[in-house]
Each structure stands twice: as structure tokens, then as C-alpha cells.
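Chemist: Sequence and predicted model, in that order:
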Amino acid sequence: MPLPDLATIPYTSAVGLHSDLAAVDAAILDAVDQLPPRIRAVARYHLGFTSGPRTAEHRGKALRPRLALAAARCGPTPERAVAAAVSVELLHGFSLLHDDIMDGDRTRRGRAAAWVVYGVPAALLTGDALLTLALGVLADSGSAASMGVCVRMMSALVRGQGNDLAFEDEQHVTVDAYLEMAEGKTGALTGAACELAATLAGAPPAVVEALERFGRHAGVAFQIADDVLGIWGDSRRTGKPVGSDLATRKKTLPVVAALHAADTEAGHLRALLDTGIPLTEAQTRQATLLIEQLGGRTTAEAIAQQHLDLALEALYCCDLPAVAREELRSMAHHMAARSR
């Protein structure tokens, strides 16, 4: 199907980020509206376009497009950032549709998940459609290198999601195994957002590599912060019930770290989580207390800080425009500090 001509989409500057995001939204909506009616309805709902332009609430954090727009300023043709931002947002939408189904998450951004509203088959097919649209955007960019980035990212994403699913049946998940999963499931896409944008913008290879490394480590820090928020956060910020991951016995980093603590209470926590059935509200509160007592939260936040440091180190290993470096630095701090 024909995709919108992204060369006609206006691109502004660092000071015009909201205009840039509006341009990305317009291109995404143009692409989505070419889908068959039933799939289009699911895609518009999932992406937040149900009743017209996306509000900030329904757009979500727009983290990956923001990373792409900032990273593109490190190359001589930053106007090509829109194609990168559109593709990564579509890829993210694809991954969330499938992720919600696999995890059984019934809410997304404060409302019912797409599979709950439209059914599993329609949601799966819509995810496939968003993936196809993302690949079409990259193909139309004329950059063979960008397609290679996307293939590597998707391979890492599949591995990461596969590891996450395998954790459900593994009793002794290690911190290293968790971090490998997070790097694939979350870090690969944030890294690709920066790498794709820098590649399309014509940045030098050393800059492209540094920005991918920055995005990947910032993404891991973000995933860990999200894990912490999932246990101790505010549902108004997370868009889903706090404690839902813990209630379903999901092995997030605070849980994994707590289970490996050299303390008899770790055995009590393991017994609580190994029942094979969702935790009650009282059990969830008890598990939350045990995880904090065992240092799960402290350890998780310390590891998030380590990945933030690695992300920032990547920003200063090569010559980047000062405005782009500062914007990316600020975003990384925000990504890692969501739990504080």
C-alpha cells in the first residue's frame, strides 16, 4: 500500500519538539488510515487516534520518537528524522499489542487494552499490520542500512520477549539473565530509535554507534525504572494498576534481586511467589514489603544508575552537537529517574 511521502512532512528544530511530534503523528495517522477498516479501527484505538489527533495522554511518553528526533540532529540531514520516528513508533505499537496479549495485561495507558476491546485475533493482526507499515516506511527511506538496523532490532526484541516468557516457568532467574532480557525487550528498540535516526540523518559511523549504545543503555535504565514503578508507583502515572505485575508473579528486577538476597526472608518470598496462582491483594502487599526489606528496590535502582552512567558515557565519547547532546542527556536522566 502507498505510504505518505515523508519528505513533505515539515521538520523543525530542538525548540520545536511539539511541532516535530505533531508531524510524526500526522504521518502515522496517514499510514494507519490506509489499513482495512476493521484493522484501522484497532490501530487508531491502540495508538490513541480514536477521535482525532492524539492527546498527550493517549500518545504516551512518545519516548522513542523523541529519541529519534534528538539523535537525528547529530547528522547533516536531520529532516529525515520523521521517517525514523514514525517507524520506531509503529514498531513500538506492534510490540505493545503483542506484549499485552502475552502478559494478559488488560489496561494500557489508563484504558482497556486493544485486545480486551477488539479481541485477540484482531489485536494480533493489527500488530502485524503496524510492523508491515514500519518496514514500508524504512523501505521508502531508500536506506538499505536502516533495514539492517530494523532486522537486528527485531531479532533482539524476539529474543528478549522469548526470555521474558521463559521466566514465567523458571524458578531461579538471575540478575544477569534479567538484564539480557531487558536489553532485548526494551533496550533494542530505544537503541534502534537513535541508530535509525542517526543513520538516516547521515551521521558518521562512530556517532551512529555511540548513539545506539546510548539508547540501548538508557532503555535498560528505563525498563528497570518501569519495574520499580510497577510495584511502588502511582497508577495515574503508569496507566495500569500498581502491583499488577507482582500479583501475576512476574519476575521484574526488584523481585529477582530480592530472591537472590542472602536472607531467610528470601525463602518466604519465594514460597509466596511459587504458588502458581495470582496473588491476592493481601499477598501482594506482603510480597511488596518483603521485596523492599530484602533490598530489591535499592538494588534495582542502583543497576538503573549504572546503565544511566553507561548511556551518558556514550554521549561524551565522540563529537556531538551541544544541543543534541544536552537534549539526549536530559531524556536519559528522566528515563532512569521515573521511579524516584
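Modeler: Looks like it arrived, so ask away.
Chemist: Glu313: how many residues sit nearby?
Modeler: Glu313: 13 surrounding residues under other C-beta atoms under 10 Å. In short, each C-beta sits where N, CA and C put it, glycine included.
Chemist: Buried residues in the helix or strand harbouring it, which are they?
Modeler: Using DSSP states H and E, Glu313 sits in helix 296-315. Neighbour-count burial for helix 296-315, counted by 16 or more other C-beta atoms under 10 Å, picks out 296-297, 299-301, 303-304, 307-308, 310-312, 314-315.
Chemist: cool, stretch 120-133 as well?
Modeler: Result for stretch 120-133 [16+ other C-beta under 10 Å]: buried residues 122-127, 129-131, 133.
Chemist: Out of the residues you listed, name the ones that lie in helices.
Modeler: Counting by DSSP state H, the buried residues of stretch 120-133 place 122-127, 129-131, 133 in helices.
Chemist: In three-state terms, label the residue lying closest to Ser141 once chain neighbours are set aside for me.
Modeler: Spatial nearest neighbour of Ser141, chain neighbours left out: Ala83 (4.7 Å); criterion: C-beta to C-beta, 6 or more residues apart in numbering. The three-state assignment at Ala83 reads helix, by DSSP: H, G, I helix; E, B strand; the rest coil.
Chemist: Quick check, Ala83 in contact with Gly136.
Modeler: No: Ala83 lies out of contact with Gly136 (C-beta atoms under 8 Å); the separation is 10.5 Å.
Chemist: Find residues that contact each of the two.
Modeler: Among the neighbours of Ala83, none is also in contact with Gly136 (C-beta atoms under 8 Å, 6 or more residues apart in numbering).
Chemist: So which of those two has more stuff around it?
Modeler: Ala83 (28 against 17).
Chemist: can you tell me how far that one sits from Glu89?
Modeler: 11 Å (C-beta to C-beta, to the nearest Å).
Chemist: what's the spacing between Asp227 and Gly187?
Modeler: According to C-beta to C-beta, Asp227 and Gly187 sit 14 Å apart.
Chemist: so which strand or helix has the nearest residue to Thr190 once chain neighbours are set aside?
Modeler: Among residues not flanking Thr190 along the chain, Gly219 sits closest, at 3.2 Å (C-beta to C-beta, 6+ apart). Assessed by DSSP H and E, Gly219 sits inside helix 205-232.
Chemist: and the next element down the chain from the least confident helix or strand in the chain by mean pLDDT?
Modeler: The least trusted helix or strand in the chain, going by mean pLDDT, DSSP states H and E, turns out to be helix 56-59, with a mean of 60. Note on helix 56-59: by DSSP H and E, the next helix or strand toward the C-terminus is helix 63-71.
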